[in-house]
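[1] Below are the sequence and a predicted model for it; my questions follow.
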Amino acid sequence: MSVELYHDAFFLLFPDLKKTADAVIEEAEAGMPVPQEALEWARRVKTRIDNLRDDMAVASRRLNGVTIPIEFQELEEVSRYGFTALKRRLVSGDDKYHVFFNEISYETRLFRSAFTSLSTRAAETLNGNISLVVEINDAAPLLAVKVASRSTSKAKVVVADAVDVYGSDAIRGIQSDYIKKYLLDGEVLRIDEASEYEGKADLVAFTFIDAWRYGFRKLFAAARRLLAPGGVLAALLPLNSREGLRTILWAWGVTEFLDVDELRKIVRSQGYVDPSLRVYGPFVALMATAK
């Protein structure tokens, strides 16, 4: 299935996203406690989807007669759960479902292929010489702990969170649990408190929605500060410049947009060399080295 058809297929999720927004508004109208921020989010989602009705119709025509592969069907089902988790997060501040959404997303065929390839390549590139691994703003820091667990010595794992993620007790607790599960030394801290690790990391990783919400350019700049010379950047990123996936991720707060050409420009401008990009449907696995 081509990248273009994936983007068309993401339009199929718009009705489910709109239902999620409708549910938030209905709860508010019924007198249930709904934060103003959640209500405003729901109204913006409804307006945006309504404004894209013509685009939805065009995408539907292009998909006519196309067999949707199992890889996208899995993404579709997981995304529907993700909308439910997002509603809980916005309305009640409950992040447990959001973390589970992260975890089951990594189990879909598309993400699993990209994630397995990326973690294996990163570990092989470092050849076991790993003392410090940092993952930025991922609710489930799987890449960091998997690579660190392949170190020839006991590597330290640091999860560096932006303020909004760090402020979630549920997410911080689960991040700490991942480090303990793999019997690793490590800590969870705010990204603006990670200065002691600047220029020391063998690997910096970011892989999913919470990281993407932080902003692609900010992610690359933070990773560059943290990496030692010759250190490895490993990232999973969305190719969300086209409509379809763009709005789905926008609903989660991802407001920057990437295609392969833009990604190459960012990598070069931020001081990385030897970039390797592998495309998996509407996502890309990136590895690059710090100068």
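    The structure has been received and is ready for your questions.

[2] ok, which stretches of the stretch 51-200 of the chain are helices?
    Ranges of helices within the stretch 51-200 of the chain are 53-63, 70-92, 96-105, 109-126, 142-148, 163-166, 169-181, based on DSSP state H, counting those that start in this stretch.

[3] Domains in this protein, by residue range?
    3-105, 110-290 (automatic domain parsing).

[4] hmm, back to that, among the helices of the stretch 51-200 of the chain, single out whichever gets nearest to residue 20.
    Residue 20 sits nearest to helix 70-92 of all these, at 4.2 Å, using C-beta to C-beta. C-betas here are computed from N, CA, C, even on glycine.

[5] Off-centre distance for the closest one?
    The gap between where helix 70-92 is centred and where its chain is centred comes out at 13 Å by C-alpha atoms, centre = their mean, to the nearest Å.

[6] Specify the angle between that helix and helix 96-105 in degrees.
    Here helix 70-92 runs at an angle of 170 degrees relative to helix 96-105 (axes from the mean of the first three to the mean of the last three C-alpha atoms, to 10 degrees).

[7] Next up, the contacts around the closest residue to residue 103 other than its chain neighbours.
    Take residue 103 and drop its neighbours on the chain: the residue closest to it by C-beta to C-beta, 6 or more residues apart in numbering is residue 140, 5.2 Å away. For residue 140, the contacting residues are 99, 102, 103, 106, 174, 175, 178, 208, by C-beta atoms under 8 Å, 6 or more residues apart in numbering.

[8] give me that answer again for 6 Å
    The neighbours of residue 140, taking C-beta atoms under 6 Å, 6 or more residues apart in numbering as the test, are 99, 102, 103.

[9] now the residues you listed as JSON lines including pLDDT and neighbour count?
    As requested, those are arranged in JSON lines below (pLDDT from 0 to 100; neighbours: other C-beta atoms under 10 Å):
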{"residue": "99", "pLDDT": "94", "neighbour count": "21"}
{"residue": "102", "pLDDT": "95", "neighbour count": "22"}
{"residue": "103", "pLDDT": "95", "neighbour count": "14"}
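
[10] Check the residue lying closest to residue 142 once chain neighbours are set aside and give its pLDDT.
    Nearest residue to residue 142 in three dimensions, chain neighbours excluded: residue 106, at 6.0 Å (C-beta to C-beta, 6+ apart). pLDDT recorded at residue 106 is 94.

[11] Got phi/psi on residue 106?
    Torsion angles at residue 106 (phi, psi; degrees, to the nearest 10) stand at phi -70, psi -20.

[12] Now for it, how many residues are close by?
    Residues lying near residue 106 (other C-beta atoms under 10 Å) number 18.

[13] who does the host helix or strand of residue 19 touch, helix- and strand-wise?
    In this structure, residue 19 sits in helix 14-29 according to DSSP states H and E. Helices and strands touching helix 14-29, by 3 or more C-beta pairs under 6 Å, 6 or more residues apart in numbering; DSSP states H and E, are helix 36-51, helix 70-92.

[14] same for the last one, what does it pack against?
    For helix 70-92, the packing partners by 3+ C-beta pairs under 6 Å, 6+ apart come out as helix 14-29, helix 36-51, helix 96-105, helix 109-126.

[15] Not counting the shortest one itself, show me its contacts.
    What that stands for is helix 96-105. By C-beta under 6 Å, 6+ apart, the residues outside helix 96-105 that reach it are 78, 81, 82, 85, 88, 89, 111, 139, 140, 170, 174, 208.

[16] cool, the last one as well?
    Applying C-beta under 6 Å, 6+ apart, the external contacts of helix 109-126 come out as 71, 74, 105-106, 143, 146-147, 150, 202-203, 232, 234, 236, 280-281, 283, 285, 287.

[17] Now with 8 Å, please.
    By C-beta under 8 Å, 6+ apart, helix 109-126 touches 70-72, 74-75, 105-106, 130, 142-143, 146-147, 150, 202-203, 205, 207, 232, 234-236, 276, 278, 280-281, 283, 285, 287.

[18] Going by neighbour count, which of those residues are buried?
    Among those, those classed as buried by 16 or more other C-beta atoms under 10 Å are 71-72, 74-75, 105-106, 130, 142-143, 146-147, 150, 202-203, 205, 207, 232, 234-236, 280-281, 283, 285, 287.
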